[in-house]
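K.L.:
What would the 3D arrangement of this be:
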Amino acid sequence: MNIDDWRPGKRAASFKYAFRGIGMLFSQPNACIHGVVTLGVVVAGFLFHIGVGEWCAVLICIGCVLMAEAFNTALEALADKVSPGFDPLIGRAKDLAAGAVLLMVMAAVAVGLIVFLPKVLDLF
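P.N.:
Purely as a prediction, here's the structure:
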């Protein structure tokens, strides 16, 4: 690393690329589903007046699900470039990455149930 790596223009460019990546992520159907669910969860958080600790848990889960989806999407793009034809090892890598997203989603759903289910049951 040299001093030029710390120039403001270079740092600004890295943010530009990161935001471009986020835009690319939300062009994917599964990420759009995660985005709609995220919006619903945030609205529910405000409606149910969840506490600070609950917000922290919910926001960490949202970030982790989106991050897992981004890593999965990146791995799939790279795998498709490296091996456009069928390859069982590439298929295995893609399945593992998709499984990682699913595991994170299941954990997020569990946190959502812990946070929101008692509040929903209090309505009845």
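
K.L.:
in this structure, which helix has the most residues?
P.N.:
As assigned by DSSP state H, the longest helix anywhere in the chain is helix 88-121.

K.L.:
now it, how far from the centre of its chain.
P.N.:
10 Å (CA atoms, centre = their mean, to the nearest Å).

K.L.:
And Pro118, how far from Gln28?
P.N.:
Taking CB to CB, to the nearest Å as the measure, Pro118 falls 33 Å from Gln28. Bear in mind the C-beta positions are built from the backbone N, C-alpha and C, glycine included.

K.L.:
Have a look at these two and say which one is more surrounded.
P.N.:
A side-by-side neighbour count of Pro118 and Gln28, using other CB atoms under 10 Å, places Gln28 first with 16 against 10.

K.L.:
what helix or strand does the residue nearest to the more buried one when sequence neighbours are not counted sit in?
P.N.:
With CB to CB, 6 or more residues apart in numbering as the criterion, Gln28 has its nearest non-adjacent residue at 5.5 Å, and that residue is Thr73. For Thr73, the host element (DSSP states H and E) is helix 52-82.

K.L.:
got the buried residues for that helix?
P.N.:
Within helix 52-82, the residues that count as buried by 16 or more other CB atoms under 10 Å are 54, 57-58, 61-62, 64-66, 68-70, 72-73, 75-76, 79.

K.L.:
With stretch 36-48 instead?
P.N.:
Neighbour-count burial for stretch 36-48 flags 37-38, 41, 44-45, 48 (criterion: 16+ other CB under 10 Å).
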